[in-house]
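1. next input, structure requested:
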Amino acid sequence: MNSGEYWRSLFENWPASMPRRGLLITTFGEAIPFVSYLLSPGILLLERDKPDSLGARKVLVAYEAISALKITDVIDLVRFQELGFQSPS
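-> Okay, here's the model as predicted:
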(Lines give C-alpha, C1' and ligand atoms only; values in the text may rest on other atoms or scores of the structure.)
Protein backbone atom coordinates (compact mmCIF):
# COMPACT_ATOMS: atom_id res chain seq x y z
CA MET A 1 0.00 0.00 0.00
CA ASN A 2 1.20 3.52 -0.72
CA SER A 3 0.78 6.36 1.78
CA GLY A 4 -2.34 7.65 0.03
CA GLU A 5 -4.05 4.30 0.54
CA TYR A 6 -3.17 4.34 4.25
CA TRP A 7 -4.66 7.82 4.67
CA ARG A 8 -7.78 6.82 2.75
CA SER A 9 -8.20 3.75 4.95
CA LEU A 10 -7.82 5.84 8.10
CA PHE A 11 -10.52 8.31 7.03
CA GLU A 12 -12.83 5.51 5.79
CA ASN A 13 -12.56 3.71 9.13
CA TRP A 14 -12.78 6.76 11.39
CA PRO A 15 -14.98 5.67 14.34
CA ALA A 16 -18.36 7.39 14.60
CA SER A 17 -17.65 7.89 18.32
CA MET A 18 -14.66 10.17 17.59
CA PRO A 19 -15.14 13.78 16.44
CA ARG A 20 -14.41 14.15 12.71
CA ARG A 21 -12.25 17.22 13.08
CA GLY A 22 -8.60 18.06 13.27
CA LEU A 23 -5.77 19.75 11.42
CA LEU A 24 -4.60 18.15 8.18
CA ILE A 25 -1.02 18.90 7.06
CA THR A 26 -0.32 18.59 3.35
CA THR A 27 2.91 17.61 1.62
CA PHE A 28 3.18 21.20 0.38
CA GLY A 29 3.19 22.53 3.97
CA GLU A 30 -0.36 23.85 4.34
CA ALA A 31 -2.21 23.28 7.60
CA ILE A 32 -5.95 22.84 7.00
CA PRO A 33 -8.30 22.87 10.00
CA PHE A 34 -11.46 20.85 9.37
CA VAL A 35 -14.71 20.04 11.18
CA SER A 36 -16.04 17.35 8.83
CA TYR A 37 -15.13 15.49 5.65
CA LEU A 38 -16.44 13.41 2.78
CA LEU A 39 -14.64 10.63 0.89
CA SER A 40 -14.16 9.75 -2.75
CA PRO A 41 -11.83 7.14 -4.27
CA GLY A 42 -8.91 9.54 -4.79
CA ILE A 43 -9.76 12.80 -3.05
CA LEU A 44 -10.75 13.85 0.46
CA LEU A 45 -13.20 16.77 0.79
CA LEU A 46 -12.60 18.77 3.97
CA GLU A 47 -15.03 21.26 5.45
CA ARG A 48 -13.77 24.26 7.43
CA ASP A 49 -15.91 26.00 10.04
CA LYS A 50 -14.45 29.37 9.02
CA PRO A 51 -13.27 30.47 5.57
CA ASP A 52 -9.55 30.74 4.89
CA SER A 53 -7.90 34.01 3.81
CA LEU A 54 -9.30 33.55 0.28
CA GLY A 55 -12.84 32.77 1.48
CA ALA A 56 -12.73 29.00 0.89
CA ARG A 57 -14.72 26.76 3.24
CA LYS A 58 -14.18 23.47 1.38
CA VAL A 59 -10.82 21.96 0.40
CA LEU A 60 -10.26 18.96 -1.88
CA VAL A 61 -7.01 17.12 -1.17
CA ALA A 62 -5.57 14.04 -2.88
CA TYR A 63 -4.79 11.33 -0.34
CA GLU A 64 -1.21 11.26 -1.64
CA ALA A 65 -0.86 14.96 -0.68
CA ILE A 66 -1.51 14.26 3.01
CA SER A 67 1.59 14.45 5.18
CA ALA A 68 0.17 14.39 8.72
CA LEU A 69 -3.00 14.67 10.75
CA LYS A 70 -3.19 16.54 14.04
CA ILE A 71 -6.04 15.70 16.38
CA THR A 72 -7.26 18.80 18.22
CA ASP A 73 -9.71 17.10 20.60
CA VAL A 74 -8.70 15.50 23.89
CA ILE A 75 -9.01 11.76 23.18
CA ASP A 76 -7.56 8.92 25.23
CA LEU A 77 -4.77 7.12 23.39
CA VAL A 78 -6.49 3.75 23.80
CA ARG A 79 -9.40 4.97 21.62
CA PHE A 80 -7.06 5.09 18.62
CA GLN A 81 -6.99 1.29 18.67
CA GLU A 82 -10.33 1.55 16.84
CA LEU A 83 -8.31 2.99 13.94
CA GLY A 84 -5.92 0.05 13.95
CA PHE A 85 -3.18 1.39 16.22
CA GLN A 86 -1.78 -0.95 18.86
CA SER A 87 0.48 -0.84 21.90
CA PRO A 88 4.07 -2.00 21.38
CA SER A 89 4.76 -5.44 22.80
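
2. what strand or helix carries the nearest residue to I66 once chain neighbours are set aside?
-> With sequence-adjacent residues excluded and distances taken as CB to CB, 6 or more residues apart in numbering, I66 is closest to W7, at 4.5 Å. C-beta here means a position set from N, CA and C on the backbone, and glycine is covered the same way. Here W7 sits within helix 3-12, counting by DSSP states H and E.

3. now the next helix-or-strand element following that helix: buried residues?
-> Later in the chain than helix 3-12, the nearest helix or strand by DSSP H and E is strand 22-26. By 16 or more other CB atoms under 10 Å, the buried positions in strand 22-26 come out as G22, L24, I25.

4. export the residues you listed as a markdown table, with columns for distance to N2 and pLDDT.
-> Formatted as a markdown table, the buried residues of strand 22-26 follow (distance: CB to CB, whole Å; pLDDT from 0 to 100):
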| residue | distance to N2 | pLDDT |
| --- | --- | --- |
| G22 | 22 | 97 |
| L24 | 18 | 98 |
| I25 | 18 | 98 |
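
5. what's the closest of those residues to V61?
-> Nearest to V61 among the buried residues of strand 22-26 is L24, at 6.8 Å by CB to CB.

6. can you tell me which residues contact that closest one?
-> For L24, the residues meeting the contact criterion (CB atoms under 8 Å, 6 or more residues apart in numbering) are A31, I32, P33, F34, L44, L46, V61, I66, A68, L69, K70.

7. what do you get if the cut-off is 7 Å, keeping everything else the same?
-> Contacts for L24 (CB atoms under 7 Å, 6 or more residues apart in numbering) come out as I32, F34, L46, V61, I66, L69.

8. same question for G29.
-> G29 makes contact with no residue, according to CB under 7 Å, 6+ apart.

9. helix, strand, or coil at it?
-> coil (DSSP: H, G, I helix; E, B strand; the rest coil).

10. near F34, how many other residues are there?
-> Residues near F34, counting by other CB atoms under 10 Å, number 21.

11. mind checking how far it is from A16?
-> As judged by CB to CB, to the nearest Å, F34 and A16 stand 17 Å apart.
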